[in-house]
Every structure is written in structure tokens, then in C-alpha cells.
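>>> starting from these lines, generate the structure:
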Amino acid sequence: MAKLYFYYSTMNAGKSTSLLQSSHNYRERGMRTLVYTAKLDQRGGGKVHSRIGLTSEALHFDQGSDLYAEISGEHAGQVVSCVLLDEAQFLSRAQVEQLAVIVDRLSIPVLCYGLRTDFRGELFPGSARLLALADELSELKTICHCGRKATMVVRVGTDGAVERDGAQVEIGGNERYMSLCRRHFFEASGRRGDPQ
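Predicted coordinates for the structure are as follows:
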């Protein structure tokens with residue numbers, strides 16, 4: 001039975017690596033996959049690119065993409081065995097619902113990989129909808145500099161100072177973002193996390 005999966009984590013937990021391995025497993029068995037990434041993030045040349053050097057060609061989605069129409073059209077022309085989406089936090093609520101319909105009506109598994117929260121500790125709209133609708137949730141783990149599990153991310157400026165305000169979406173890698181445990185997130189962001 002096909003399911004909608006959401007694999008979430010902070011930065012540097014291996015989301016893209018896991019996506020590429022999953023796609024490889026399908027393709028190695030002669031099955032067709034569709035790999036998507038956000039058009040917004042062009043750091044990897046529009047491809048899905050992992051930090052350990054693996055890459056794959058990818059289709060692109062943006063806020064105007066009708067994923068149901070695209071994927072069902074591809075599937076009608078040649079069977080699609082699995083859809084894999086990188087940077088799933090950039091999906092709209094409606095697009096997550098389209099992916100659920102793909103699973104339910106077309107019986108195609110959809111594997112989404114993305115961040116759960118932004119640099120302020122707030123859910124991305126796409127991630128919030130995935131947390132609500134996904135059949136399977138799986139946290140990919142990485143560690144904070146203290147060795148504890150990293151669950152949060154902060155954005156840093158060119159001076160190394162943690163930014164507390166700004167647009168929710170700003171593309172960047174290790175030069176702009178750092179994964180931290182909750183305790184160090186509260187300390188770095190100036191939020192104490194103490195009960196009121």
C-alpha cells in the first residue's frame with residue numbers, strides 16, 4: 001500500500017543523501033522515480049545534491065506548481081513507482097494535499113524530505129501540513145556541538161552572530177545555518193525557554 005512519508009530533521013542530517021539512496025534502490029530494480037527539488041534553491045544547479053557528493057537530476061517545484069497534474073500526467077505516460085521530494089518545507093499546504101491525493105488515488109508512494117522548523121523555531125507551512133497528513137513520520141538525526149541530538153537550527157550573519165529576525169526563507173548552507181539542541185538554540189537565540 002502506498003503511503004505519504006515525511007522525513008524531517010535539522011540541517012546536515014543526511015536528508016538529501018537518504019533521498020538519493022531511496023531513488024537509487026528503486027531504479028536499481030528497474031522502477032521509475034520522479035525526483036523533485038525546490039526551484040527556489042539553486043545552490044546545487046537545480047539538482048538534488050548531498051553534502052557527501054551524491055547528485056541527481058531533478059524536476060522543480062515552486063508555489064505555482066500543480067504537482068498532482070504533473071505527476072499524474074507523467075504516470076499516465078509511463079508508470080511512476082515512487083515520487084521523492086527534497087526541500088519539502090517549501091511546499092504549500094495545497095501541494096501537500098495534492099501529494100496525499102497522488103498516494104490515495106494513484107497508489108504511488110511519495111517520500112518528502114525537509115526541515116521541520118525555521119531559524120526562529122517556527123514550523124514551515126509545508127512541514128506543518130506534512131506533519132498533519134503523512135502516513136509515516138521519521139526524524140533523521142544529527143548532533144549539536146555539545147553531542148546532544150540537534151532539533152533546532154539558527155541562522156548566523158557574516159559576523160557569526162545569531163540572527164533573531166528576518167524572512168523565514170533564506171537559502172544557505174553551513175555558512176548561514178547551524179544545527180543545535182533545544183538548550184543551545186534557546187541560549188543562542190536569546191530565548192530562555194523558561195516557563196512564564
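>>> gap between Leu34 and Ala150?
30 Å (Cβ to Cβ, to the nearest Å). In this view, the C-beta of every residue, glycine as well, is placed from N, C-alpha and C.
>>> the more surrounded of the two?
Of the pair Leu34 and Ala150, Ala150 is the one with more neighbours under other Cβ atoms under 10 Å, namely 24 against 20.
>>> for that one, what are its contacts?
When contacts are counted by Cβ atoms under 8 Å, 6 or more residues apart in numbering, Ala150 touches 10, 13, 141-144, 179-181.
>>> try 7 Å this time
Counting by Cβ atoms under 7 Å, 6 or more residues apart in numbering, Ala150 touches 10, 142-144, 179-181.
>>> tally of neighbours for the closest residue in space to it that isn't next to it in sequence?
Nearest residue to Ala150 in three dimensions, chain neighbours excluded: Ser179, at 3.8 Å (Cβ to Cβ, 6 or more residues apart in numbering). Around Ser179 there are 23 other residues, counting by other Cβ under 10 Å.
>>> picking up where we left off before, now, of the contacts of Ala150, which are buried?
Buried by 16 or more other Cβ atoms under 10 Å: 10, 144, 179-181, out of these.
>>> narrow the residues you listed to those in strands?
Of the buried ones among the contacts of Ala150, the ones assigned to strands by DSSP state E are 179-180.
>>> closest one to Leu19 out of the buried ones among the contacts of Ala150, please.
The nearest member of these to Leu19, counting by Cβ to Cβ, is Thr10 at 15.9 Å.
>>> what's the spacing between the helix or strand Leu34 falls within and its chain's center?
Secondary structure from DSSP states H and E places Leu34 in strand 33-38. Computed by Cα atoms, centre = their mean, to the nearest Å, the chain-centroid distance of strand 33-38 equals 11 Å.
>>> likewise stretch 120-136?
10 Å.
>>> how long is that stretch end to end?
Using Cα to Cα, to the nearest Å, one end of stretch 120-136 lies 26 Å from the other.
>>> buried residues, it. List them.
Quick answer for stretch 120-136 (16+ other Cβ under 10 Å): 120-121, 124-130, 134.
>>> if we can go back for a sec, hey, what's the residue nearest to Ala150 bridged with?
Val153 (DSSP bridges).
>>> test my guess that it contacts Met11.
Yes - contact criterion Cβ atoms under 7 Å: Ser179 and Met11 qualify, at 5.0 Å.
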